[in-house]
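Trainee: Just the structure for this:
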Amino acid sequence: MDFFIIDGAAVIRQLLYDPQNPLLFNNGFFVYFFFLLILFYYLFREKYTIRTLILSLFSLYFFYKASGSFVLLVIISAVIDFFLSNLIYKQKNFAAKRSLLALSIVSNLGLLFYFKYTNFFLEICNNSFNAGFNPLNILLPVGISFYTFENLSYTIDVYHGKIEPEKKFLNYLLFLSFFPKLVMGPIVRASDFIPQLKKPYVVTGRDFTEGFYLIVTGLFKKVVISDYITINFVNYIFDAPSLHTGMECLLAVYGYALVIYCDFSGYSDVAIGIAKWLGITIPDNFNSPYQSASITEFWRRWHISLSSWLRDYLYIPLGGNRHGTFRTYINLFITMLLGGLWHGASWNFIVWGGLHGGALAVHKLWSGLTKKEDKSSSWWGRILSIILTFHVVCLGWIFFRASSFDLAFQMMQQIAFDFSFDALTPFIDNYSSVLIMIALGFVLHFLPASITEMVKSGLERMPLVGAILVFIAFVAVYAFFKTAEPVMPIYLQF
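Mentor: Model prediction:
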């Protein structure tokens, strides 16, 4: 009978936040969490308010399990911007309206600055003025960069009259806290999200199939490809590049390019797939970015929700391309510089953003001189453009991944001055499985969209037992490649 005895203390520990094991999509606890959510959500699918309440409570609990008491920040942020947006909308006096918007911007950016940039600012003061400030013990709240930008876009859109403010606080709270996109995006606009909450819950066969496809392929990209390459190759090289040849360093950069894509796009795919099963559509966040033939095209395909946010709420307000060529280049550079800073309080991220800003300006200049669009005049010209763009992006990834300037420059120095194929044979012998995984990742990335659609159509026609077998096969592959050491998603730190 001891078999049926439940350890109450163990159950309670499982339900509480564990900083060593935060709740994410690849966490075993998530299966039970999502099963209960789907059960209650479906039972009350016809009751709009109850359905919204259930999804809000589950979302807040998910965030509590992912970040502990920082869940209060999401609630506080929702309260502030819900009331400020309604005050902005009702206010007839222009100066008062602008002051309320300023209050919203200051409160959102103030919280972001305190948690994310305080110690970076103190470090700058110490280095510049020998100030002697001690760093503060500040933990970075999970997802704060994402929901801060969602708050800002909402109040700014209300201020400009693009949308009317939401009248029900519960709807706005769910918009901000919706768990699939809360931790790592995509960054969603209220005008796209909130109206869907007021529609009947409908999930078509196509929605279920696409959700299933996105969840399985997203998890495969994250927990099989990205995690395996990270643990077994990329971390070794980037932690001590001077101990490896230029060939090894270059392949590690290629590996990291795949790692960060599979890690982030995989998580985004799972988020979009789960949302589809809940009857909510979240915009795509990636579109085969390494197929881009220019840096401009890359930013139309990479982290689409961030690049479109930077365009609409930073680049265009700065003047966009409305004030002459030189000013356009400056606006591009500033936008990407701040985009780099958004990623983290580090000079490496600022340099990464500056590199992309400079590359965007150069491409715009080149396009203006040649009068050519992103599409090359021939197939081989496009291939050369794709290869060049990929290597420009990889140069930026060196600064993005390296923990310091010194390690970034060591990486580039090894590639430039110590490149040799002398150790190629032992390298292949030692890292054959990693190289196969990298090759598989790039092959999947460059598959034509028509093949993806063909797979989705096949899944849609497949009976339920077939879908179960596919999922079992995925679990078997996951169990085989699963790393002993858990790998936190890269964008979790942003």
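Trainee: just for the protein, where's the confidence low?
Mentor: 1-7, 371-377, 482-485 (pLDDT under 70).
Trainee: Would you mind pulling the contact partners of stretch 449-458?
Mentor: Thr209, Glu210, Tyr213, Ser288 (CB atoms under 8 Å, 6 or more residues apart in numbering). Every residue, glycine included, has its C-beta placed from N, CA and C.
Trainee: whoops, stretch 77-87 was the one
Mentor: 100, 103-104, 107-108, 111, 147-148, 151, 154-155, 158, 165-167, 169, 172-173, 176-177.
Trainee: Just the buried residues of the residues you listed.
Mentor: Buried by 16 or more other CB atoms under 10 Å: 100, 104, 107-108, 111, 147-148, 151, 154-155, 158, 165-166, 172-173, 176-177, out of those.
Trainee: right, and the helix or strand after the helix or strand Ile330 falls within?
Mentor: If you go by DSSP states H and E, Ile330 is part of helix 325-343. Per DSSP H and E, the first helix or strand lying C-terminal to helix 325-343 is helix 347-370.
Trainee: which secondary structure elements does that following helix contact?
Mentor: helix 295-301, helix 325-343, helix 379-401, helix 405-417 (3 or more CB pairs under 8 Å, 6 or more residues apart in numbering; DSSP states H and E).
Trainee: mind listing what's buried in it?
Mentor: For helix 347-370, using 16+ other CB under 10 Å, the buried residues are 347-361, 363-364.
Trainee: now for the longest helix belonging to the chain, which elements pack on it?
Mentor: Counting by DSSP state H, the longest helix found in the chain is helix 94-129. For helix 94-129, the packing partners by 3+ CB pairs under 8 Å, 6+ apart come out as helix 71-90, helix 144-159.
Trainee: which one of those lies closest to Ile330?
Mentor: Among the helices and strands packed on helix 94-129, helix 144-159 comes nearest to Ile330, with 22.1 Å by CB to CB.
Trainee: picking up where we left off before, among the helices and strands packed on helix 94-129, which is the most enclosed?
Mentor: helix 144-159 (a mean of 23; mean count of other CB atoms under 10 Å).
Trainee: what about that one, distance to the chain center?
Mentor: 16 Å (CA atoms, centre = their mean, to the nearest Å).
Trainee: the inter-axis angle of it versus helix 94-129?
Mentor: Relative orientation of helix 144-159 and helix 94-129, computed by axes from the mean of the first three to the mean of the last three CA atoms, to 10 degrees: 150 degrees.
Trainee: Mind exporting the C-alpha coordinates of the helix or strand just after helix 144-159 to CSV?
Mentor: Next helix or strand after helix 144-159 toward the C-terminus (DSSP H and E): helix 169-177. Output of helix 169-177 as CSV, limited to C-alpha atoms (Å, rounded to 0.1, in the frame of the first residue of the first chain):
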residue,chain,number,x,y,z
PHE,A,169,-8.1,44.9,-17.1
LEU,A,170,-8.2,41.0,-17.3
ASN,A,171,-7.8,41.2,-21.1
TYR,A,172,-4.8,43.5,-20.8
LEU,A,173,-3.2,41.4,-18.1
LEU,A,174,-3.5,38.3,-20.3
PHE,A,175,-2.1,40.2,-23.3
LEU,A,176,1.0,41.0,-21.2
SER,A,177,1.3,37.7,-19.3
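Trainee: Remind me what helix 169-177 packs against, helices and strands.
Mentor: helix 48-67, helix 71-90, helix 144-159, helix 190-197.
Trainee: quick one: buried residues of the last one?
Mentor: Going back to what we said before, that points to helix 190-197. By neighbour count with 16+ other CB under 10 Å, helix 190-197 contains the buried residues Ala190, Phe193, Ile194, Leu197.
Trainee: ok, the second one - contacts?
Mentor: Okay, so that is Phe193. By CB under 8 Å, 6+ apart, the residues touching Phe193 are Phe175, Phe178, Ile280, Ile282.
Trainee: Same check on the third one?
Mentor: Ile194 makes contact with Glu166, Asn171, Tyr172, Phe175, according to CB under 8 Å, 6+ apart.
Trainee: tell me the two of these that are most distant?
Mentor: Checking the contacts of Ile194 with CB to CB, the most distant pair is Glu166 and Phe175, at 7.5 Å.
Trainee: Residues that sit against both of the two, list them.
Mentor: Ala190, Ile194.
Trainee: Make JSON lines out of the helices and strands packed on helix 169-177 and add distance to Leu447.
Mentor: Shown next, in JSON lines, are these (distance: least, CB to CB, whole Å):
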{"stretch": "helix 48-67", "distance to Leu447": "32"}
{"stretch": "helix 71-90", "distance to Leu447": "37"}
{"stretch": "helix 144-159", "distance to Leu447": "29"}
{"stretch": "helix 190-197", "distance to Leu447": "28"}
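Trainee: Of the ones you listed, which is nearest Arg311?
Mentor: helix 144-159 (11.6 Å).
Trainee: Between helix 190-197 and that closest one, find me the angle.
Mentor: Going by the same axes, to 10 degrees, helix 144-159 makes 90 degrees with helix 190-197.
Trainee: elements contacting helix 144-159?
Mentor: helix 71-90, helix 94-129, helix 169-177, helix 179-182, helix 190-197, helix 304-310.
Trainee: would you turn those into CSV with distance to Phe446?
Mentor: Output for those, formatted as CSV (distance: least, CB to CB, whole Å):
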stretch, distance to Phe446
helix 71-90, 38
helix 94-129, 35
helix 169-177, 36
helix 179-182, 27
helix 190-197, 30
helix 304-310, 19
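Trainee: looking at these, which is closest to Asp418?
Mentor: Using CB to CB, those put helix 94-129 closest to Asp418, at 31.2 Å.
Trainee: Can you list the buried residues in the closest one?
Mentor: Per 16+ other CB under 10 Å, helix 94-129 contains these buried residues: 97, 100-101, 104-105, 107-108, 111-112, 115-117, 119-120, 122-123.
Trainee: Could you do stretch 463-476 as well?
Mentor: Ala467, Phe474.
Trainee: 751 is where my numbering starts, stick with that
Mentor: Shifting the count to begin at 751 puts that one at stretch 1213-1226.
Trainee: Contacts for it, please.
Mentor: Taking contacts as CB under 8 Å, 6+ apart, the residues outside stretch 1213-1226 that touch it are Phe962, Val966, Leu969, Phe970, Leu1209, Met1212.
Trainee: If you count neighbours, what's buried in the helix or strand the second one falls within?
Mentor: Meaning Val966. Assigned by DSSP H and E, Val966 belongs to helix 955-969. Under the neighbour-count criterion of 16+ other CB under 10 Å, helix 955-969 has 957-969 buried.
Trainee: Same check on stretch 1055-1067?
Mentor: Ser1055, Leu1056, Ser1057, Ser1058, Trp1059, Leu1060, Tyr1063, Leu1064, Tyr1065.
Trainee: what about the nearest residue to the third one once chain neighbours are set aside, distance to Ala1158?
Mentor: Read it as Ser1057. Closest residue in space to Ser1057, ignoring its immediate chain neighbours: Trp1049 at 4.6 Å, by CB to CB, 6 or more residues apart in numbering. Trp1049 sits 22 Å away from Ala1158, taking CB to CB, to the nearest Å as the criterion.
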